[in-house]
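In: can you look at this prediction? I've put the sequence above it.
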Amino acid sequence: MTMKVMTVKRAGEGNIIGWAFAMPALLGLFVFNLGPMLLSGYYSLCDYSILGTPKWAGLKNYINLLNGSMGNFWIAAKVTALYAVMAVPANLAFAFMIALLLNRDMKGRAVFRSIFYLPCILPAVASSFVWILLMNPDFGLFNTLLEWLHLPTSYFFWGKDSVLPSIVFMGIWGTGSTQVIFLAGLQDIPRVYYEALQIDGGNAWHKFLNITLPMISPTLFFNLVMGMIGALQVFGQAYIITEGGPNNASLFYVYELWRQAFKYMDMGVASAMAWLLFFVVLLLTLLVFKTSKKWVYYEGGDER
Amino acid sequence: MKLTKRIMLDLIVCLLAFVCIIPLYWMIRSSFMKNTDIYSMKPFVIWPREMLWSNYGLALKTADFLGYAVNTLVIVGGCLVGTLLTSSMAAFAFSRIEWKGRDICFALILTTMMLPGTVTLIPQFMIWKNLHMVNTFWPLILPSFFGGGAFNIFLMRQFFLGIPREMDEAAKIDGAGPVQIYFRIILPLARSVMIVVALFTFLNNWNDFFGPIIYLNDKEHFTLALGLLQFRGDYQSKWNLLMAASTIVVSPCIITFLFGQKHLIEGIAMTGMKA
Amino acid sequence: MKKRRLFNIFVAGMVIMAMTGCSSNEAGGSKAAEAKGDVVEVRFTEWDGGDTLAVYEEIAENFNKTHPGIHVTIMNIPDEYDTKLTTMIAGNDTPEICMMNSDTLLFPLAEEGIVLNMQDYIAKDSDFDVSALGDQFKYMLNADYMAGYGIGSENICMFYNPGLFEEYGVEEPPAKYSDAWDWDTFVNTAQKLTIDKNGKNALDPDFDADNIDIYGVNIQKWWAGIMPFLYGEGMEYLTEDGQSIAYASEQGIDVLQKLADLTYVYHVAPTPTAGETMPGLSEALATNKVAMSFDGQWSNAGLMEDGVEYNVAALPRMGDTASTVATYGAISLMKTDKADEAFEFIKYLLTETGVCAPLQQSGLWLPTNMKEYDDAYMQSMITDKHPSNYYDAVVKPMIDGTAKTPVTVYVKNFSKINDVITPALDDLWSGEKTAAEVMGEIKDEADAQVQGFYGK
């Protein structure tokens, strides 16, 4: 009797408390985000040049984009997909590896953590300038090193085939945030678990497989989702370094979208591009969330 | 055997760390050079023969860096408070409390990350314009008091979910309400992720130039990141001065990180003992 | 405990700081407006930082002193210029005066009436000294609609390193466009000045094209680097009927191929990759990396400031007539309720002689105020730091029509056409394809974007 009363009361209370705690975020969501998002959805169905007034056009923008008659939609989609396929695993693997390496007991661990975070701290203007210099095909440090090692040199940002790998390579050094998140996750694994396994006679590989991986899975899951969203919306490198070149080999989707919006002043097409991307990202995220039930383990969780 | 493996791994760390240092090293090195010397790679100049401290003087002279620094601190400070408070509250609601509409709300918050900001920029600007807040710091600070962004909420939620349920239950039995649980149990146990979020908030706002470009008009309101961009504005690129200015802008970050680093480890070490 | 208190103090401090910071800024703004009473605030947006910004601010200050009812502030937008401007306009916060990119925002805004017809205001104002305006600097939407006027004119010219010419015993290029080298003479000179690491030049049969120490020439690969030669072959950016891109014409293909041949046939110019990552002109000339360079005249400012030994000369010609092309930004009057006051500042900026003098003296700009193109004024702008050929190679082309109007001033839909052409040309500059192949592939796609001319 008492038990029953308590749960009922708790459920009602939970509603109020839940909404109360989430209220600032929900207000932000409804006031600053949902409105503009819905408005852009409306724009995507209009002829809208930013400067004029939107005129209803139905699915025209979407149809024009998908049938290839509008700009470089498919080139940009292909380039971005290719980039994401390379960058997401590369970034995740690299960041996880660094986090594992730095999670060991080693001298100067604090210093190394700072060092690996450095590329994230530098302003983009400065760091991209440095990367451009390092990757200069004629006198850059990388080609000088490659030549010295008698390895084939590369055109890096200036070669059609090498530009995407170069951007991916540059990107893995900027994964400091992902590394820090992994590290925080690794550090949250209680030591006693490892000690228990040690007593049972498990080796390093067993520890990794049976403790580290399941315990880190919520973090891995987070980084995977964010990595995917980030990779599909990659923009900065094209904007600052390559301007989509050479010959559109690094024409990222959001860069093309930005050109449509603020260079050609076609907000209708830009919004349609944004919403197409939105649905792709949403689908992929749902997919990951669905599969996550099978591989993500929440110690304090009751769902997902 | 075990020792050689150890040394091997240490060596790998050193090698990778070396690459990470190159951009910083290059930036500082170039900041002391003549523009003409930055490019001379043959012979490879490890360190400038003569240190041009005057670059720093010139860089400081071109813009009001002190004023920019104050503006940046105000924005960063406001965002830190707002984000740490409201995103952890939301994450708490999304991970430890059961309430109607929770999952749909969480999903909606996640979707805000999936639409490129390019197309929501103008409607958002109009909102701030109608609130008469353009050309103030509010558009840059206030959003952090309204959830602090989906990224942070999602990140915190993931970590909160990792805290064993028994902790809440035990507290409940002791008569603690949700507010006490949030303050006394979740926040202390989640210190590592709080510090991580604080770090990201600090750095993102420190280096962000897009928001300030859109919402700040007067030079008196400019931030350090905008000051850096003003260097590029001119026709000839004074890269050495840009590098000097970048060094000035970035050094507080590096110092903060070096100090915060200690707390990051401490905080993590503490929660590591939680179970 | 102590720690927590410290943390609380910190938080409280931050909150207070944020609050006061924000509110004081808002208050400061409105207070300033109140104090000035009837003063009309006019904002002028521009993208240059550094010296240019300082000069603009000085101009505004002088203007404010002499015009008590108006207060002009310079609004510097250091990046994402079009994004910010578009956002402000869409958000109903249009600045009163704007610098404009003529290839993107200017004409679409004029078509919507957001950029006002300056002609109307000039006609209304009997004081306006129309002799200051030159037709080549007017951005005409159509025959009667002046959407903007050029400011900070510049043109493309040749920079060279006299030391290298002397060292290898080669005759220096002529200063005047009337004496400009023909293409063969130019290529031959460039070959003599392209030196490999063994000290052999590009005419030597043992020349090592893979290890070049000094390049004979560095060229520009954007439209302003190509157009001077296309003019020389008697063509414009579009064919005469305004239906098709001239790059794809017989002459256009010839021009593009000749420019690409500098790299792949004669080995006198760096590969595009090397070219794009070439250090700035100042560094390239000072460190003997290049003997000649086609570049914007604005580079004089950096070269003079750095004290580099150099000189300027006329560009060589491909066809019969030597030409160059001018470039400049547009200044436009925006549709706001302060347009009358804003026009006063534009009038001051465009017709007052010598307002931009510091930028002209530094070598950055050439005048767009026609009254400033008189000998006495120009001579006073040319300092002893300017290279000796400055007047003949840089100033004179602006007066005698050798420097043509930039294509962005009159070609419709330019940025879309250009965004078809530029990526495709990457294959030419990298040596993978010939000019004929490249143009054959994209001619139809580019022509589909061609919409004719403004101003007609």
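Out: Cool, got the structure. It should be emphasised that the depicted structure is a prediction, and the values quoted were computed from it without experimental measurement. Numbers count the residues shown, from 1 in each chain, chains lettered A, B, ... in the order given.
In: contact partners for the nearest residue to A:Thr153 once chain neighbours are set aside?
Out: The shortest distance from A:Thr153 to any non-neighbouring residue, by C-beta to C-beta, 6 or more residues apart in numbering or on different chains, is to A:Asn143 (4.4 Å). The way it works is simple: take the backbone N, C-alpha and C, and place the C-beta from them, glycine included. Residues near A:Asn143 by C-beta atoms under 8 Å, 6 or more residues apart in numbering or on different chains: A:Asn136, A:Pro137, A:Thr153, A:Ser154, A:Phe156.
In: now do the contacts for the last one.
Out: Under the criterion of C-beta under 8 Å, 6+ apart, the neighbours of A:Phe156 are A:Met135, A:Asn136, A:Pro137, A:Gly140, A:Phe142, A:Asn143, A:Ser162, A:Val163, A:Ser166.
In: the contacts of A:Asn143 into a markdown table, with extra columns for pLDDT, secondary structure and distance to A:Lys293?
Out: Output for the contacts of A:Asn143, formatted as a markdown table (pLDDT from 0 to 100; DSSP: H, G, I helix; E, B strand; the rest coil; distance: C-beta to C-beta, whole Å):
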| residue | pLDDT | secondary structure | distance to A:Lys293 |
| --- | --- | --- | --- |
| A:Asn136 | 79 | coil | 48 |
| A:Pro137 | 78 | coil | 48 |
| A:Thr153 | 84 | coil | 48 |
| A:Ser154 | 85 | coil | 43 |
| A:Phe156 | 88 | helix | 42 |
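In: among these, name the buried ones.
Out: In terms of neighbour count (16 or more other C-beta atoms under 10 Å in any protein chain shown), the buried residues within the contacts of A:Asn143 are A:Asn136, A:Pro137, A:Ser154, A:Phe156.
In: can you map out the helices along the stretch 101-250 of chain A?
Out: Counting by DSSP state H, counting those that start in this stretch, the stretch 101-250 of chain A has helices at residues A:109-121, A:124-134, A:141-148, A:163-172, A:176-187, A:191-200, A:204-207, A:213-232, A:236-237.
In: chain C against chain A: which residues are in contact?
Out: C:80, C:82-83, C:86, C:89-90, C:104-105, C:108-109, C:112, C:114, C:270-274, C:276-277, C:415-416, C:419, C:422-424, C:426-427, C:430 (C-beta under 8 Å from any C-beta of the partner chain).
In: ok, so of the contacts of A:Asn143, who is nearest chain B?
Out: A:Asn136 (8.1 Å; C-beta to the nearest C-beta).
In: surely B:Ile122 is within a helix?
Out: Yes. Counting by DSSP: H, G, I helix; E, B strand; the rest coil, B:Ile122 falls inside a helix.
In: my guess is A:Ser250 meets A:Leu164, correct?
Out: Yes. Counting by C-beta atoms under 8 Å, A:Leu164 is a contact partner of A:Ser250 at 6.3 Å.
In: which neighbours do these two have in common?
Out: With C-beta under 8 Å, 6+ apart as the test, A:Ser250 and A:Leu164 both reach A:Val79, A:Tyr83.
In: can you tell me how far the residue nearest to A:Thr153 sits from chain C?
Out: 10 Å (C-beta to the nearest C-beta, to the nearest Å).
In: related to what we said a few turns ago, return the most buried member of the helices of the stretch 101-250 of chain A.
Out: Most buried of those by mean neighbour count (mean count of other C-beta atoms under 10 Å in any protein chain shown) is helix A:176-187; its value is a mean of 24.
In: quick one: contacts for the residue nearest to A:Leu186 when sequence neighbours are not counted?
Out: Excluding the flanking residues, the one nearest A:Leu186 by C-beta to C-beta, 6+ apart is A:Asn103, at 4.6 Å. A:Asn103 sits next to A:Leu183, A:Leu186, A:Gln187 when contact means C-beta under 8 Å, 6+ apart.
In: would you list the residues you listed in JSON lines and tack on pLDDT and distance to B:Ser30?
Out: Output for those, formatted as JSON lines (pLDDT from 0 to 100; distance: C-beta to C-beta, whole Å):
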{"residue": "A:Leu183", "pLDDT": "87", "distance to B:Ser30": "31"}
{"residue": "A:Leu186", "pLDDT": "87", "distance to B:Ser30": "36"}
{"residue": "A:Gln187", "pLDDT": "81", "distance to B:Ser30": "36"}
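In: let me have these in CSV, adding distance to A:Thr242 as columns.
Out: Shown next, in CSV, are the contacts of A:Asn103 (distance: C-beta to C-beta, whole Å):
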residue, distance to A:Thr242
A:Leu183, 32
A:Leu186, 35
A:Gln187, 38
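In: list the buried ones in the host helix or strand of A:Lys78?
Out: Per DSSP states H and E: A:Lys78 is located in helix A:73-102. Residues A:73, A:75-77, A:79-80, A:83-84, A:86-88, A:90-92, A:94-96, A:98-102 are the ones in helix A:73-102 that count as buried (16+ other C-beta under 10 Å).
In: burial of the closest residue to A:Val234 other than its chain neighbours, as a residue count?
Out: Using C-beta to C-beta, 6+ apart and skipping residues adjacent in sequence, the residue nearest A:Val234 is A:Phe252, 5.1 Å away. Residues within reach of A:Phe252, counting by other C-beta atoms under 10 Å in any protein chain shown, total 27.
In: relative to A:Phe157, how far out is A:Phe252?
Out: A:Phe252 sits 13 Å away from A:Phe157, taking C-beta to C-beta, to the nearest Å as the criterion.
In: ok, now which ones touch C:Leu238?
Out: C:Ser244, C:Ile245, C:Ala246, C:Val411, C:Val450, C:Gly452, C:Phe453.
In: the stretch 1-150 of chain C: helices as residue ranges?
Out: C:2-35, C:50-66, C:81-90, C:106-111, C:118-124.
In: could you export the last one as CSV, CA atoms only?
Out: Taking Å, rounded to 0.1, in the frame of the first residue of the first chain, the C-alpha atoms of helix C:118-124 are listed here in CSV:
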residue,chain,number,x,y,z
MET,C,118,23.4,57.4,-56.3
GLN,C,119,22.6,59.3,-59.5
ASP,C,120,19.4,60.6,-58.0
TYR,C,121,21.2,62.1,-55.0
ILE,C,122,23.9,63.6,-57.2
ALA,C,123,21.3,65.2,-59.4
LYS,C,124,19.5,66.6,-56.4
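In: can you tell me which helix or strand of chain B has the lowest average pLDDT?
Out: Lowest by mean pLDDT, DSSP states H and E among the helices and strands of chain B is helix B:35-38, with a mean of 72.
In: count the residues that sit near the residue in the stretch 101-250 of chain C that chain A sits nearest to.
Out: Nearest residue of the stretch 101-250 of chain C to chain A, counting by C-beta to the nearest C-beta: C:Glu112, 4.5 Å away. Counted with other C-beta under 10 Å, residues neighbouring C:Glu112 total 16.
In: show me what contacts it?
Out: Contacts here follow C-beta under 8 Å, 6+ apart; on that basis C:Glu112 touches A:Ser49, A:Leu51, A:Gly52.
In: buried ones among the residues you listed?
Out: Counted by 16+ other C-beta under 10 Å, the contacts of C:Glu112 give A:Ser49, A:Leu51 as buried.
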